[in-house]
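Colleague: output the structure for:
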Amino acid sequence: MSHTGSQVLFLGELPFWLKISQSVVEAPAVSFQIYRSPSLRDALRRLDGERWQALLLDFSHPAAQELLAARKLHAGISSIPVIALLTIAGPQFQNAANVAGAAASLLLDDVTSVSLQNAVLSAISINGTNKDRKNSRKGSFMQFPLDSQGFDRLPAAKVDAISHAINNLLCVINANADILTDQLEATHNAARSVSQIKKATKSAADLMRLLKTP
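Modeller: Numbers count the residues shown, from 1 in each chain. Here you go, the predicted structure:
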């Protein structure tokens, strides 16, 4: 089965997001893209209204249990396989992940480009062949007056490779900006600059998705 273009949603704490984003950059040929959801509300909205092939869920996140509970009650969300992200090794934690219905699990200390890709692809495979869901994946696009003719002249595979590599770099920039945001006081002079960096990376990611939209 080909998983090219698979979309993976992440909900979790910054230590996992930083390691995941760095790992993805180390594997430019990875066959899926990972997007971070900033909150439970956003995650539920996106899981319900967009098409995802897997969910990376940090079980130490305050909203993890609420999302798992909602997943059991919602047919659309329950069909998306969960990869449990665990901060502590131990049979009791692994068992908890299995009971929660996780298709795969990954320890924070073991996150690498290889282990991440194996966990995601394993979860997708366990979930069976991907089927089109009721709602197609909808991005939150910004409107830009642009001419994409030059971009379209590139072979489709090259366009995908370039956009994917850029998206990976933006993930790393955004993850580090998140860490700085947590470390800075709101009144710190650098706080506004970090906020602008985050806004710029989001705009760049939106633009890349817009360029790939037929």
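
Colleague: mind listing what's buried along stretch 43-54?
Modeller: In terms of neighbour count (16 or more other Cβ atoms under 10 Å), stretch 43-54 has its buried residues at 43, 44, 46, 47, 50, 51, 52, 53, 54. Backbone N, C-alpha and C define where each C-beta goes, glycine included.

Colleague: need the max-distance pair from the residues you listed.
Modeller: Taking Cβ to Cβ as the measure, the buried residues of stretch 43-54 span a maximum distance of 17.2 Å, between 44 and 53.

Colleague: residues near residue 77, how many?
Modeller: 19 (other Cβ atoms under 10 Å).

Colleague: that one contacts residue 48, doesn't it?
Modeller: Yes: counting by Cβ atoms under 8 Å, residue 77 sits close enough to residue 48 to count as a contact (6.3 Å).

Colleague: pLDDT at residue 37, what is it?
Modeller: Per-residue confidence for residue 37 comes out at a pLDDT of 92.

Colleague: kindly report the same for residue 155.
Modeller: Looking at residue 155 specifically, the model assigns a pLDDT of 61.

Colleague: then residue 183?
Modeller: pLDDT recorded at residue 183 is 79.

Colleague: burial of it, as a residue count?
Modeller: Other residues near residue 183 number 10, with proximity taken as other Cβ under 10 Å.

Colleague: swap in residue 189?
Modeller: Here the count is done by other Cβ under 10 Å, and residue 189 has 8 residues near it.

Colleague: so who does the closest residue in space to residue 185 that isn't next to it in sequence touch?
Modeller: Using Cβ to Cβ, 6 or more residues apart in numbering and skipping residues adjacent in sequence, the residue nearest residue 185 is residue 191, 7.0 Å away. Listed by Cβ atoms under 8 Å, 6 or more residues apart in numbering, the contact partners of residue 191 are 181, 184, 185.

Colleague: ok, the first one - contacts?
Modeller: Pointing back at residue 181 there. Taking Cβ under 8 Å, 6+ apart as the criterion, residue 181 is in contact with 191, 194, 195, 198.

Colleague: state the distance from the third one to residue 36.
Modeller: From residue 195 across to residue 36, the span is 16 Å (Cβ to Cβ, to the nearest Å).

Colleague: equivalent analysis for the first one, please.
Modeller: In this structure, residue 191 and residue 36 are separated by 20 Å, where distance is defined by Cβ to Cβ.

Colleague: which positions within the helix or strand containing residue 121 qualify as buried?
Modeller: For residue 121, the host element (DSSP states H and E) is helix 113-126. When burial is assessed from 16+ other Cβ under 10 Å, helix 113-126 yields the following buried residues: 113, 116, 117, 119, 120, 121, 123, 124.
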